[in-house]
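Participant: Attaching a predicted model along with its sequence, questions to come.
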Amino acid sequence: MYKMLGYGAGGSGKTTLGISSFWDFDNYAVIDKGIWIRLGQERNDSLRVPDEFVQRFAVDPAKPMNFVGELREYLKALQVAGSKGQGPNWLVFDGLTELAYAASFAYNLAPLDPGDRWGEWRFQKETVGQIFQLLDADALNCNIFATARIGEFRKGIQNKQSGAVQGRDPEWLSEQKYFPQMDGWARHNLISYFEYVFYLEEEASPKKGGMPIHRCHLITNGDFKVKNNDSHRWEAKKLPIWVDNPRMCDIVAILEKAGEPTIMESNVTYAEKEKV
């Protein structure tokens, strides 16, 4: 089972890539068992996914946490179905950034303790963290592809007189400039809940007047955060650093190749390999 997160700016192809796991949007045909969970305003009607494969969870601004209870129960029901072999093979969870925003919005409407500077952090940990726990590929018995918007690391402004840097984000992002956009607790912990985190962006066509390219980065090769559990095999297997205009079948084929053991890996111990 694969558990992937794709993040990027609007129009970078996140939802399209996820939906391609079970829906052929070129021919409007089902190619696998899948469900598209849409949170808040996440949508892409141009894909023409039939309603029977879509589960919508709208966010009510007056009661922004109401949908979370419904979402929890729905994911639990999917786990039961998955244990019986009756669930989907692909779950596209569209809107992790929306989920975090809803939690922050809800807390600001009625903070438990206005003087508690860590109150929102703990509130997010309890609400968003519950959803993260339920998005378990093994428990759901299906592959998961989630989406998030893009956030930008603040480098801060240096005071010319004192030399102090103000407004800088914590060092947990190292030298990367872009990362999956979340707030509070979720921002620091999101990546830990996924085996693969891919960065998507829209590139201009190399041909004048050509269609733009939607590029999915599989390995960190720029100022953005990518997580790949198979990265230690990447160079030896000569796998692509990015894929242009991919479908999910392209991504899975690459990951399957990455997961295949080489002759050395299957027959030689690590200690023996070091001697070679």
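Facilitator: Here it is on my side, so go on.

Participant: What count of nearby residues applies to the residue nearest to Arg122 when sequence neighbours are not counted?
Facilitator: Among residues not flanking Arg122 along the chain, Trp185 sits closest, at 7.5 Å (Cβ to Cβ, 6 or more residues apart in numbering). (Each C-beta comes from the backbone N, C-alpha and C, glycine too.) Residues within reach of Trp185, counting by other Cβ atoms under 10 Å, total 21.

Participant: Who are the contact partners of Trp185?
Facilitator: Neighbouring residues of Trp185 by Cβ atoms under 8 Å, 6 or more residues apart in numbering: Trp121, Arg122, Gln124, Lys125, Val128, Gly129.

Participant: list the buried ones in the helix or strand containing it?
Facilitator: Trp185 is located in helix 184-189, with elements delineated by DSSP states H and E. Going by neighbour count (16 or more other Cβ atoms under 10 Å), the buried part of helix 184-189 is Gly184, Trp185, Ala186, Arg187.

Participant: hmm, who's touching stretch 248-260?
Facilitator: 2, 4, 17-18, 20-21, 90, 145, 196, 198, 216, 218, 230, 233-234, 237, 239-240, 243.

Participant: Restricted to helices, list those residues.
Facilitator: If you go by DSSP state H, the contacts of stretch 248-260 have Leu17, Gly18, Arg233, Trp234 in helices.

Participant: Would you confirm that Asp8 contacts Tyr199?
Facilitator: That one is not Asp; residue 8 is Gly. Yes. Between Gly8 and Tyr199 there is a contact at 6.1 Å, judged by Cβ atoms under 8 Å.

Participant: Which of the contacts of stretch 248-260 are buried? Put it as a ChimeraX command.
Facilitator: Here is the ChimeraX command that picks out the buried ones among those, judged by 16+ other Cβ under 10 Å:
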select :2,4,17,18,20,21,90,145,196,198,216,218,230,233,234,239,243
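
Participant: Out of the contacts of stretch 248-260, name the ones that lie in strands.
Facilitator: Met4, Trp90, Phe145, Tyr196, Phe198, Cys216, Val243 (DSSP state E).

Participant: so which pair among those is furthest apart in space?
Facilitator: Maximum pairwise distance among the ones in strands among the contacts of stretch 248-260 (Cβ to Cβ): 18.0 Å, between Trp90 and Val243.

Participant: Could you count how many residues lie near the closest residue to Glu70 other than its chain neighbours?
Facilitator: Closest residue in space to Glu70, ignoring its immediate chain neighbours: Phe57 at 6.3 Å, by Cβ to Cβ, 6+ apart. Phe57 sits with 19 neighbouring residues when counted by other Cβ under 10 Å.

Participant: do the same with the one 4 residues further on
Facilitator: By the other Cβ under 10 Å criterion, the neighbourhood of Pro61 contains 9 residues.

Participant: follow-up on the earlier one: now the residue nearest to Arg122: how far from Glu126?
Facilitator: From Trp185 across to Glu126, the span is 9 Å (Cβ to Cβ, to the nearest Å).

Participant: what about the strands in the stretch 51-200 of the chain?
Facilitator: Using DSSP state E, counting those that start in this stretch, the strands of the stretch 51-200 of the chain run over 54-57, 90-94, 143-148, 150-152, 157-158, 165-166, 178-180, 196-203.

Participant: which outside residues touch the third one?
Facilitator: Going back to what we said before, that points to strand 143-148. With contacts defined as Cβ under 8 Å, 6+ apart, strand 143-148 is touched by 1-7, 14-15, 17-18, 21, 42, 89-97, 135, 137, 180-182, 190, 194, 248.

Participant: Drop anything exposed from these.
Facilitator: Neighbour-count burial (16+ other Cβ under 10 Å) applied to the contacts of strand 143-148 gives 2-7, 14-15, 17-18, 21, 42, 90-97, 135, 137, 180-182, 190, 194, 248.

Participant: would you list every one of the helices in the stretch 51-200 of the chain?
Facilitator: With helices called from DSSP state H, counting those that start in this stretch, the stretch 51-200 of the chain shows them at 66-83, 96-109, 119-134, 137-140, 184-189.

Participant: give me the number of residues near the closest residue to Trp23 other than its chain neighbours?
Facilitator: Leaving out its chain neighbours, the residue that sits closest to Trp23 by Cβ to Cβ, 6+ apart is Val49, at 5.4 Å. Applying other Cβ under 10 Å, we find 22 residues neighbouring Val49.
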